[in-house]
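K.L.:
just the structure for this:
(chains A and B)
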Amino acid sequence: MSTKDNWKIWEVFIRSRNGLNHKHVGSLHAPDAEMAVKNARDVYTRRSEGISIWVVPSDAVTASSPDESEPLFTPADDKVYRHPTFYEIPDEIGHM
Amino acid sequence: MTKEMNLEERFQNYVDEENKIEPKDWMPEKYRQTLIRQISQHGHSEVVGMLPEANWITRAPSLRRKIALLAKVQDEAGHGLYLYSAAETLGADRQDLVGDLLSGKAKYSSIFNYPTPTWADMGAIGWLVDGAAIANQVMLCRTSYGPYARAMVRICKEESFHQRQGYEITMTLAKGTEAQKKLAQDALNRWWWPSIMMFGPTDDNSPNSAQSMKWKIKRKSNDELRQEFIDKTVPQAEYLGLTIPDPDLKWNEETGHYDFGAINWDEFYNVIKGNGKCNKQRLDARNKAHNEGEWVREAANAYAEKQAQRKKDETHAA
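P.N.:
Model (predicted):
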(Lines give C-alpha, C1' and ligand atoms only; values in the text may rest on other atoms or scores of the structure.)
Protein backbone atom coordinates (compact mmCIF):
# COMPACT_ATOMS: atom_id res chain seq x y z
CA MET A 1 0.00 0.00 0.00
CA SER A 2 0.95 3.59 -0.41
CA THR A 3 2.94 4.70 2.60
CA LYS A 4 4.05 8.04 1.26
CA ASP A 5 0.99 9.63 -0.23
CA ASN A 6 0.72 10.30 -3.92
CA TRP A 7 -1.24 13.51 -3.59
CA LYS A 8 -0.17 15.74 -6.42
CA ILE A 9 -0.21 19.52 -6.47
CA TRP A 10 -2.95 21.01 -8.61
CA GLU A 11 -3.33 24.54 -9.93
CA VAL A 12 -6.82 25.90 -9.48
CA PHE A 13 -8.64 28.21 -11.89
CA ILE A 14 -12.00 29.77 -11.08
CA ARG A 15 -14.55 31.42 -13.35
CA SER A 16 -16.09 34.03 -11.11
CA ARG A 17 -19.09 34.88 -13.27
CA ASN A 18 -20.63 33.68 -16.48
CA GLY A 19 -18.82 35.29 -19.42
CA LEU A 20 -15.50 35.82 -17.64
CA ASN A 21 -12.26 33.87 -18.02
CA HIS A 22 -11.17 31.22 -15.60
CA LYS A 23 -8.49 32.86 -13.50
CA HIS A 24 -5.69 31.25 -11.54
CA VAL A 25 -6.41 31.50 -7.81
CA GLY A 26 -3.88 29.19 -6.17
CA SER A 27 -3.01 25.56 -5.71
CA LEU A 28 -3.84 22.59 -3.51
CA HIS A 29 -3.14 18.92 -2.88
CA ALA A 30 -5.37 16.07 -3.97
CA PRO A 31 -4.98 12.39 -4.88
CA ASP A 32 -6.87 12.73 -8.17
CA ALA A 33 -8.68 15.24 -10.37
CA GLU A 34 -12.09 14.55 -8.92
CA MET A 35 -10.92 15.17 -5.36
CA ALA A 36 -9.01 18.24 -6.53
CA VAL A 37 -12.26 19.78 -7.77
CA LYS A 38 -13.98 18.94 -4.49
CA ASN A 39 -11.13 20.38 -2.45
CA ALA A 40 -10.98 23.48 -4.62
CA ARG A 41 -14.65 24.06 -3.96
CA ASP A 42 -14.00 24.04 -0.20
CA VAL A 43 -10.74 25.95 -0.25
CA TYR A 44 -11.39 28.59 -2.90
CA THR A 45 -15.15 29.18 -3.19
CA ARG A 46 -16.44 29.53 0.37
CA ARG A 47 -17.85 32.97 -0.40
CA SER A 48 -19.46 32.64 -3.82
CA GLU A 49 -16.18 33.35 -5.61
CA GLY A 50 -17.02 31.19 -8.57
CA ILE A 51 -19.39 29.25 -10.78
CA SER A 52 -16.86 26.98 -12.43
CA ILE A 53 -13.59 25.31 -11.43
CA TRP A 54 -10.69 24.00 -13.49
CA VAL A 55 -7.89 21.98 -11.92
CA VAL A 56 -4.62 21.21 -13.70
CA PRO A 57 -1.72 19.12 -12.35
CA SER A 58 1.05 21.59 -11.54
CA ASP A 59 3.63 19.48 -13.32
CA ALA A 60 1.64 19.87 -16.53
CA VAL A 61 2.35 23.58 -16.59
CA THR A 62 5.30 24.72 -18.68
CA ALA A 63 6.35 28.23 -17.80
CA SER A 64 8.49 30.75 -19.62
CA SER A 65 11.73 31.39 -17.81
CA PRO A 66 12.02 34.69 -15.93
CA ASP A 67 15.56 35.01 -17.34
CA GLU A 68 14.15 35.11 -20.83
CA SER A 69 11.50 37.69 -20.12
CA GLU A 70 13.53 40.45 -21.71
CA PRO A 71 14.06 38.85 -25.15
CA LEU A 72 10.53 37.46 -25.04
CA PHE A 73 8.55 40.51 -24.08
CA THR A 74 10.48 43.72 -24.66
CA PRO A 75 10.30 43.55 -28.51
CA ALA A 76 6.60 44.41 -28.19
CA ASP A 77 7.37 47.62 -26.30
CA ASP A 78 8.54 49.63 -29.32
CA LYS A 79 5.80 48.59 -31.71
CA VAL A 80 3.41 51.44 -31.14
CA TYR A 81 2.02 50.94 -34.64
CA ARG A 82 0.19 47.90 -33.29
CA HIS A 83 -2.11 50.20 -31.33
CA PRO A 84 -5.05 52.10 -32.82
CA THR A 85 -3.95 55.47 -31.43
CA PHE A 86 -0.88 55.36 -33.71
CA TYR A 87 -3.09 56.27 -36.68
CA GLU A 88 -4.56 59.71 -37.23
CA ILE A 89 -8.14 59.82 -38.33
CA PRO A 90 -9.93 63.19 -38.84
CA ASP A 91 -12.51 64.11 -36.18
CA GLU A 92 -15.24 64.37 -38.84
CA ILE A 93 -15.04 60.61 -39.32
CA GLY A 94 -16.14 60.07 -35.74
CA HIS A 95 -15.39 56.97 -33.75
CA MET A 96 -13.48 54.29 -35.56
CA MET B 1 31.66 33.85 -5.68
CA THR B 2 31.68 37.16 -7.54
CA LYS B 3 28.83 35.94 -9.67
CA GLU B 4 26.89 35.06 -6.52
CA MET B 5 27.56 38.52 -5.14
CA ASN B 6 26.29 40.09 -8.31
CA LEU B 7 23.14 38.01 -8.23
CA GLU B 8 22.49 39.04 -4.64
CA GLU B 9 22.99 42.68 -5.53
CA ARG B 10 20.70 42.36 -8.50
CA PHE B 11 18.13 40.67 -6.30
CA GLN B 12 18.31 43.47 -3.74
CA ASN B 13 17.90 46.13 -6.43
CA TYR B 14 14.94 44.27 -7.86
CA VAL B 15 13.32 44.16 -4.40
CA ASP B 16 14.19 47.80 -3.74
CA GLU B 17 12.32 48.75 -6.89
CA GLU B 18 9.22 47.20 -5.31
CA ASN B 19 9.11 44.22 -7.67
CA LYS B 20 7.56 40.97 -6.49
CA ILE B 21 9.71 37.85 -6.43
CA GLU B 22 8.04 34.88 -8.11
CA PRO B 23 8.73 31.16 -7.54
CA LYS B 24 11.05 30.65 -10.51
CA ASP B 25 13.05 33.83 -10.01
CA TRP B 26 16.54 33.54 -8.64
CA MET B 27 16.64 34.26 -4.92
CA PRO B 28 19.29 34.01 -2.21
CA GLU B 29 19.11 30.67 -0.42
CA LYS B 30 18.65 32.50 2.88
CA TYR B 31 15.65 34.38 1.48
CA ARG B 32 14.10 31.08 0.44
CA GLN B 33 14.77 29.45 3.81
CA THR B 34 13.50 32.45 5.76
CA LEU B 35 10.28 32.42 3.79
CA ILE B 36 9.75 28.68 4.06
CA ARG B 37 10.17 28.96 7.81
CA GLN B 38 7.94 32.01 8.16
CA ILE B 39 5.17 30.87 5.81
CA SER B 40 5.01 27.36 7.23
CA GLN B 41 4.94 28.69 10.81
CA HIS B 42 2.18 31.00 9.73
CA GLY B 43 0.31 28.05 8.22
CA HIS B 44 0.81 25.97 11.37
CA SER B 45 -0.59 28.84 13.41
CA GLU B 46 -3.76 28.82 11.32
CA VAL B 47 -4.10 25.06 11.72
CA VAL B 48 -3.41 24.97 15.47
CA GLY B 49 -5.50 28.13 15.79
CA MET B 50 -8.57 26.07 15.03
CA LEU B 51 -8.24 24.18 18.31
CA PRO B 52 -8.95 26.80 20.99
CA GLU B 53 -12.14 27.82 19.19
CA ALA B 54 -13.28 24.40 18.06
CA ASN B 55 -13.52 23.80 21.79
CA TRP B 56 -16.66 25.99 21.86
CA ILE B 57 -18.48 25.11 18.64
CA THR B 58 -20.76 22.55 20.25
CA ARG B 59 -21.44 24.85 23.20
CA ALA B 60 -22.07 28.13 21.35
CA PRO B 61 -24.97 29.97 23.03
CA SER B 62 -27.11 30.28 19.88
CA LEU B 63 -27.37 28.93 16.35
CA ARG B 64 -26.23 32.32 14.99
CA ARG B 65 -23.06 32.16 17.08
CA LYS B 66 -22.53 28.53 16.21
CA ILE B 67 -22.65 28.89 12.42
CA ALA B 68 -20.39 31.95 12.61
CA LEU B 69 -17.82 30.14 14.75
CA LEU B 70 -17.97 27.09 12.54
CA ALA B 71 -17.40 29.23 9.45
CA LYS B 72 -14.51 31.02 11.16
CA VAL B 73 -12.79 27.78 12.13
CA GLN B 74 -13.31 26.48 8.60
CA ASP B 75 -11.65 29.65 7.31
CA GLU B 76 -8.63 28.99 9.50
CA ALA B 77 -8.27 25.57 7.90
CA GLY B 78 -8.46 27.24 4.49
CA HIS B 79 -5.86 29.81 5.50
CA GLY B 80 -3.52 27.03 6.57
CA LEU B 81 -3.92 25.45 3.14
CA TYR B 82 -3.26 28.70 1.25
CA LEU B 83 -0.09 29.15 3.28
CA TYR B 84 1.19 25.60 2.88
CA SER B 85 0.68 26.00 -0.87
CA ALA B 86 2.66 29.24 -0.83
CA ALA B 87 5.49 27.48 1.05
CA GLU B 88 5.49 24.70 -1.53
CA THR B 89 6.15 27.18 -4.34
CA LEU B 90 9.56 27.60 -2.65
CA GLY B 91 10.32 23.91 -2.93
CA ALA B 92 9.13 22.81 0.52
CA ASP B 93 7.37 19.47 0.77
CA ARG B 94 3.89 19.45 2.30
CA GLN B 95 4.42 16.21 4.18
CA ASP B 96 7.67 17.49 5.68
CA LEU B 97 5.95 20.66 6.83
CA VAL B 98 3.09 18.79 8.45
CA GLY B 99 5.53 16.25 9.91
CA ASP B 100 7.53 19.04 11.55
CA LEU B 101 4.38 20.42 13.15
CA LEU B 102 3.29 17.03 14.45
CA SER B 103 6.70 16.16 15.87
CA GLY B 104 6.90 19.48 17.68
CA LYS B 105 9.93 20.60 15.67
CA ALA B 106 8.12 23.46 13.95
CA LYS B 107 6.84 26.51 15.81
CA TYR B 108 3.44 28.12 15.65
CA SER B 109 2.09 31.25 17.26
CA SER B 110 2.35 30.92 21.04
CA ILE B 111 -1.02 32.55 21.55
CA PHE B 112 -2.73 29.27 20.78
CA ASN B 113 -1.14 27.64 23.79
CA TYR B 114 -3.48 29.56 26.06
CA PRO B 115 -6.72 27.87 27.16
CA THR B 116 -10.29 28.95 26.35
CA PRO B 117 -12.25 28.21 29.52
CA THR B 118 -15.22 30.51 28.87
CA TRP B 119 -17.45 31.59 25.98
CA ALA B 120 -16.12 35.13 26.40
CA ASP B 121 -12.79 33.80 25.13
CA MET B 122 -14.40 33.39 21.69
CA GLY B 123 -15.07 37.11 21.75
CA ALA B 124 -11.60 38.01 22.97
CA ILE B 125 -9.88 35.77 20.42
CA GLY B 126 -11.79 37.21 17.47
CA TRP B 127 -11.38 40.77 18.64
CA LEU B 128 -7.81 40.73 19.96
CA VAL B 129 -5.99 37.72 18.53
CA ASP B 130 -7.45 38.10 15.05
CA GLY B 131 -7.06 41.86 15.41
CA ALA B 132 -3.34 41.45 16.08
CA ALA B 133 -3.05 38.90 13.28
CA ILE B 134 -4.75 41.33 10.89
CA ALA B 135 -2.24 44.10 11.70
CA ASN B 136 0.55 41.70 10.77
CA GLN B 137 -1.22 40.27 7.74
CA VAL B 138 -2.22 43.62 6.25
CA MET B 139 1.47 44.45 6.24
CA LEU B 140 2.26 41.08 4.64
CA CYS B 141 -0.09 41.83 1.73
CA ARG B 142 2.86 43.92 0.51
CA THR B 143 5.55 41.35 1.24
CA SER B 144 8.13 40.89 -1.53
CA TYR B 145 7.32 37.25 -2.27
CA GLY B 146 4.41 37.12 -4.73
CA PRO B 147 2.62 33.91 -3.69
CA TYR B 148 2.80 34.88 -0.01
CA ALA B 149 1.45 38.37 -0.73
CA ARG B 150 -1.42 36.96 -2.77
CA ALA B 151 -2.33 34.45 -0.07
CA MET B 152 -2.37 37.33 2.41
CA VAL B 153 -4.74 39.41 0.31
CA ARG B 154 -7.15 36.52 0.25
CA ILE B 155 -6.75 35.89 3.98
CA CYS B 156 -7.19 39.54 4.96
CA LYS B 157 -10.49 39.71 3.11
CA GLU B 158 -11.78 36.83 5.19
CA GLU B 159 -10.15 37.85 8.44
CA SER B 160 -12.22 40.99 8.88
CA PHE B 161 -15.32 38.86 9.46
CA HIS B 162 -13.45 37.03 12.21
CA GLN B 163 -12.63 40.16 14.10
CA ARG B 164 -16.09 41.63 13.76
CA GLN B 165 -17.79 38.48 15.04
CA GLY B 166 -15.41 38.47 18.00
CA TYR B 167 -16.07 42.10 18.80
CA GLU B 168 -19.80 41.50 18.54
CA ILE B 169 -19.58 38.62 21.02
CA THR B 170 -17.59 40.77 23.45
CA MET B 171 -19.99 43.68 22.98
CA THR B 172 -23.02 41.53 23.68
CA LEU B 173 -21.43 40.33 26.91
CA ALA B 174 -20.16 43.79 27.88
CA LYS B 175 -23.65 45.24 27.51
CA GLY B 176 -25.31 42.29 29.24
CA THR B 177 -25.81 41.36 32.89
CA GLU B 178 -23.20 42.03 35.54
CA ALA B 179 -22.07 38.40 35.31
CA GLN B 180 -21.70 38.63 31.52
CA LYS B 181 -19.76 41.85 31.77
CA LYS B 182 -17.45 40.19 34.27
CA LEU B 183 -16.91 37.34 31.84
CA ALA B 184 -15.93 39.77 29.08
CA GLN B 185 -13.56 41.65 31.38
CA ASP B 186 -11.98 38.42 32.59
CA ALA B 187 -11.33 37.32 29.00
CA LEU B 188 -9.79 40.70 28.16
CA ASN B 189 -7.60 40.39 31.25
CA ARG B 190 -6.28 37.02 30.12
CA TRP B 191 -5.87 37.75 26.39
CA TRP B 192 -4.52 41.29 26.38
CA TRP B 193 -0.88 40.63 27.17
CA PRO B 194 -0.53 37.46 25.11
CA SER B 195 -2.10 39.36 22.19
CA ILE B 196 0.43 42.17 22.28
CA MET B 197 3.20 39.60 22.61
CA MET B 198 2.03 38.14 19.29
CA PHE B 199 4.05 40.78 17.47
CA GLY B 200 7.22 39.18 18.75
CA PRO B 201 10.21 40.51 20.68
CA THR B 202 11.01 44.21 20.78
CA ASP B 203 12.97 45.52 17.81
CA ASP B 204 16.26 45.62 19.71
CA ASN B 205 15.78 41.94 20.57
CA SER B 206 14.77 40.70 17.17
CA PRO B 207 18.01 39.80 15.39
CA ASN B 208 16.50 38.54 12.12
CA SER B 209 14.17 41.47 11.61
CA ALA B 210 16.69 43.75 9.91
CA GLN B 211 17.37 41.28 7.09
CA SER B 212 13.66 40.58 6.64
CA MET B 213 13.00 44.31 6.42
CA LYS B 214 15.81 44.73 3.91
CA TRP B 215 14.34 41.99 1.73
CA LYS B 216 10.91 43.56 2.24
CA ILE B 217 9.53 40.31 3.59
CA LYS B 218 8.49 42.45 6.56
CA ARG B 219 7.48 46.05 5.92
CA LYS B 220 7.04 47.21 9.50
CA SER B 221 8.91 46.32 12.67
CA ASN B 222 7.44 44.33 15.57
CA ASP B 223 7.24 47.44 17.74
CA GLU B 224 5.58 49.52 15.02
CA LEU B 225 2.90 46.89 14.50
CA ARG B 226 2.38 46.45 18.22
CA GLN B 227 1.91 50.19 18.69
CA GLU B 228 -0.51 50.33 15.77
CA PHE B 229 -2.57 47.54 17.29
CA ILE B 230 -2.65 49.12 20.74
CA ASP B 231 -3.64 52.53 19.36
CA LYS B 232 -6.47 50.96 17.46
CA THR B 233 -7.69 48.67 20.23
CA VAL B 234 -7.77 50.99 23.26
CA PRO B 235 -10.73 53.05 21.98
CA GLN B 236 -12.54 49.81 21.09
CA ALA B 237 -12.19 48.66 24.71
CA GLU B 238 -13.30 52.05 26.02
CA TYR B 239 -16.41 51.88 23.89
CA LEU B 240 -17.29 48.58 25.55
CA GLY B 241 -16.66 50.00 29.02
CA LEU B 242 -13.96 47.38 29.60
CA THR B 243 -10.59 48.06 31.21
CA ILE B 244 -7.36 47.01 29.56
CA PRO B 245 -5.25 45.30 32.26
CA ASP B 246 -2.31 47.70 32.06
CA PRO B 247 -2.08 50.44 34.72
CA ASP B 248 0.64 52.20 32.70
CA LEU B 249 -1.48 52.52 29.59
CA LYS B 250 -2.06 56.18 28.81
CA TRP B 251 -2.39 58.51 25.85
CA ASN B 252 0.77 60.42 25.06
CA GLU B 253 -0.11 63.80 23.60
CA GLU B 254 3.42 64.34 22.34
CA THR B 255 3.93 61.12 20.40
CA GLY B 256 0.29 60.74 19.40
CA HIS B 257 0.36 57.14 20.63
CA TYR B 258 -0.53 55.21 23.75
CA ASP B 259 2.29 54.50 26.19
CA PHE B 260 2.06 51.03 27.68
CA GLY B 261 3.61 49.02 30.50
CA ALA B 262 6.47 46.53 30.42
CA ILE B 263 5.77 43.24 28.68
CA ASN B 264 6.57 40.06 30.59
CA TRP B 265 8.97 38.51 28.10
CA ASP B 266 9.82 35.68 30.47
CA GLU B 267 6.28 34.44 30.01
CA PHE B 268 6.60 34.78 26.23
CA TYR B 269 9.81 32.74 26.01
CA ASN B 270 8.52 30.23 28.49
CA VAL B 271 5.46 29.49 26.33
CA ILE B 272 7.64 29.30 23.21
CA LYS B 273 9.82 26.76 25.01
CA GLY B 274 6.77 24.55 25.42
CA ASN B 275 5.73 25.40 28.94
CA GLY B 276 2.45 27.15 28.17
CA LYS B 277 -0.77 25.82 29.62
CA CYS B 278 -1.82 24.02 26.44
CA ASN B 279 1.33 23.28 24.39
CA LYS B 280 1.05 19.56 24.98
CA GLN B 281 -2.71 19.47 24.58
CA ARG B 282 -2.52 21.25 21.21
CA LEU B 283 0.12 18.93 19.79
CA ASP B 284 -1.71 15.88 21.08
CA ALA B 285 -4.92 17.09 19.45
CA ARG B 286 -3.16 17.68 16.11
CA ASN B 287 -1.55 14.26 16.21
CA LYS B 288 -4.82 12.60 17.13
CA ALA B 289 -6.63 14.32 14.25
CA HIS B 290 -3.84 13.38 11.86
CA ASN B 291 -3.78 9.76 12.95
CA GLU B 292 -7.53 9.42 12.84
CA GLY B 293 -7.53 10.77 9.29
CA GLU B 294 -5.03 8.13 8.18
CA TRP B 295 -7.64 5.75 6.78
CA VAL B 296 -9.20 8.57 4.74
CA ARG B 297 -5.88 9.43 3.14
CA GLU B 298 -5.18 5.78 2.50
CA ALA B 299 -8.58 5.25 0.91
CA ALA B 300 -8.15 8.34 -1.28
CA ASN B 301 -4.74 7.07 -2.38
CA ALA B 302 -6.00 3.59 -3.13
CA TYR B 303 -8.89 4.98 -5.14
CA ALA B 304 -6.65 7.31 -7.12
CA GLU B 305 -4.24 4.46 -7.86
CA LYS B 306 -7.05 2.18 -8.94
CA GLN B 307 -8.51 4.81 -11.26
CA ALA B 308 -5.10 5.55 -12.75
CA GLN B 309 -4.49 1.85 -13.34
CA ARG B 310 -7.90 1.41 -14.96
CA LYS B 311 -7.22 4.31 -17.28
CA LYS B 312 -3.86 2.79 -18.24
CA ASP B 313 -5.45 -0.61 -18.95
CA GLU B 314 -8.11 1.01 -21.12
CA THR B 315 -5.50 2.86 -23.18
CA HIS B 316 -3.56 -0.38 -23.62
CA ALA B 317 -6.66 -2.27 -24.68
CA ALA B 318 -7.57 0.41 -27.18
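K.L.:
what does the helix or strand that contains residue B:34 contact?
P.N.:
Residue B:34 belongs to helix B:29-48 when assigned by DSSP states H and E. Contacts with helix B:29-48, where a contact means C-beta atoms under 8 Å, 6 or more residues apart in numbering or on different chains, come from B:11, B:21, B:76-77, B:79-84, B:86-87, B:90-92, B:97, B:100-101, B:106-109, B:112, B:145, B:148, B:208, B:211-212, B:215, B:217, B:282, B:286. Using the backbone N, CA and C atoms, a C-beta is placed for each residue, glycine as well.
K.L.:
which of those fall in helices?
P.N.:
Secondary structure assignment by DSSP state H places B:11, B:76-77, B:79-84, B:86-87, B:97, B:100-101, B:148, B:211-212, B:282, B:286 of the contacts of helix B:29-48 in helices.
K.L.:
mind checking the backbone torsions on the nearest residue to residue B:7 once chain neighbours are set aside?
P.N.:
Excluding the flanking residues, the one nearest residue B:7 by C-beta to C-beta, 6 or more residues apart in numbering or on different chains is residue B:26, at 5.9 Å. Dihedral angles phi and psi of residue B:26 (degrees, to the nearest 10) take the values phi -70, psi 140.
K.L.:
check residue A:15 too.
P.N.:
phi -90, psi 120.
K.L.:
quick check: beta-bridge partners of it?
P.N.:
residue A:22, residue A:52 (DSSP bridges).
K.L.:
looking at chain A, which helix is longest?
P.N.:
For chain A, the helix with the greatest residue count under DSSP H is helix A:33-44.
K.L.:
which strands and helices lie in contact with it?
P.N.:
Judged by 3 or more C-beta pairs under 8 Å, 6 or more residues apart in numbering or on different chains; DSSP states H and E, the packing partners of helix A:33-44 are strand A:8-15, strand A:22-30, strand A:52-57, helix B:63-88.
K.L.:
can you add distance to residue B:131 and mean pLDDT and give these back as TSV?
P.N.:
Putting the helices and strands packed on helix A:33-44 into TSV (distance: least, C-beta to C-beta, whole Å; pLDDT from 0 to 100) gives the following:
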stretch	distance to residue B:131	mean pLDDT
strand A:8-15	29	94
strand A:22-30	25	93
strand A:52-57	33	97
helix B:63-88	14	96
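K.L.:
can I get the ones you listed in a markdown table with distance to residue B:247 and mean neighbour count?
P.N.:
Formatted as a markdown table, the helices and strands packed on helix A:33-44 follow (distance: least, C-beta to C-beta, whole Å; neighbours: other C-beta atoms under 10 Å in any protein chain shown):
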| stretch | distance to residue B:247 | mean neighbour count |
| --- | --- | --- |
| strand A:8-15 | 51 | 20 |
| strand A:22-30 | 46 | 19 |
| strand A:52-57 | 54 | 17 |
| helix B:63-88 | 33 | 20 |
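K.L.:
closest one to residue A:82 among those?
P.N.:
Across the helices and strands packed on helix A:33-44, residue A:82 has its closest neighbour in strand A:22-30 (25.2 Å, C-beta to C-beta).
K.L.:
and stretch B:101-109, what's buried?
P.N.:
B:101, B:102, B:106, B:108, B:109 (16 or more other C-beta atoms under 10 Å in any protein chain shown).
K.L.:
pick out the most distant pair among the residues you listed.
P.N.:
Most distant of the buried residues of stretch B:101-109, by C-beta to C-beta, are B:102 and B:109, 16.7 Å apart.
K.L.:
which residue does the stretch 151-300 of chain B bring closest to chain A?
P.N.:
Per C-beta to the nearest C-beta, residue B:300 is where the stretch 151-300 of chain B lies closest to chain A, at 4.3 Å.
K.L.:
contact partners for that residue?
P.N.:
By C-beta under 8 Å, 6+ apart, the residues touching residue B:300 are A:7, A:31, A:32, A:35.
K.L.:
which bits of the stretch 151-300 of chain B sit near chain A?
P.N.:
B:151, B:154, B:158, B:297, B:298, B:300 (C-beta under 8 Å from any C-beta of the partner chain).
K.L.:
in helices, which of those residues fall?
P.N.:
Assignment to helices by DSSP H places the following of those there: B:151, B:154, B:158, B:297, B:298, B:300.
K.L.:
can you list these in TSV and add distance to residue B:194?
P.N.:
As requested, those are exported to TSV (distance: C-beta to C-beta, whole Å):
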residue	distance to residue B:194
B:151	25
B:154	26
B:158	23
B:297	34
B:298	38
B:300	38
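K.L.:
select from those residues the one having the most neighbours.
P.N.:
residue B:151 (28 neighbours; other C-beta atoms under 10 Å in any protein chain shown).
K.L.:
name the nearest residue to that residue, sequence neighbours excluded.
P.N.:
Nearest-residue entry for residue B:151: residue B:82, 4.2 Å, with adjacent residues in sequence omitted and distances by C-beta to C-beta, 6+ apart.
K.L.:
assess the claim that the one you found and residue A:25 are in contact.
P.N.:
No - counting by C-beta atoms under 8 Å, residue B:82 sits too far from residue A:25 to count as a contact (9.6 Å).
K.L.:
just the closest of the buried residues of stretch B:101-109 to chain A, please.
P.N.:
Using C-beta to the nearest C-beta, residue B:102 is the member of those that lies nearest chain A, at 14.4 Å.
K.L.:
what number of residues lie near residue B:125?
P.N.:
Residue B:125: 29 neighbours (other C-beta under 10 Å).
K.L.:
also the one 5 residues further on?
P.N.:
Residue B:130: 25 surrounding residues under other C-beta under 10 Å.
K.L.:
who touches it in this structure?
P.N.:
By C-beta under 8 Å, 6+ apart, the contact set of residue B:130 is B:159, B:162, B:163, B:166.
K.L.:
give me the subset of the residues you listed that lies in helices.
P.N.:
B:159, B:162, B:163, B:166.
K.L.:
which residues touch the lowest-mean-pLDDT helix or strand in chain A?
P.N.:
Least confident helix or strand of chain A, by mean pLDDT, DSSP states H and E, is helix A:69-73 with a mean of 91. If you take C-beta under 8 Å, 6+ apart as the criterion, helix A:69-73 is touched by residue A:64.
K.L.:
likewise for stretch B:133-141?
P.N.:
B:148-149, B:152-153, B:155-156, B:159-160, B:163, B:198-199, B:218-220, B:225, B:228-229, B:232.
K.L.:
buried members of these into ChimeraX, please.
P.N.:
Applying 16+ other C-beta under 10 Å to these leaves a buried subset, and the ChimeraX line that selects it is:
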select /B:148,149,152,155,156,159,163,198,199,218,219,220,225,228,229
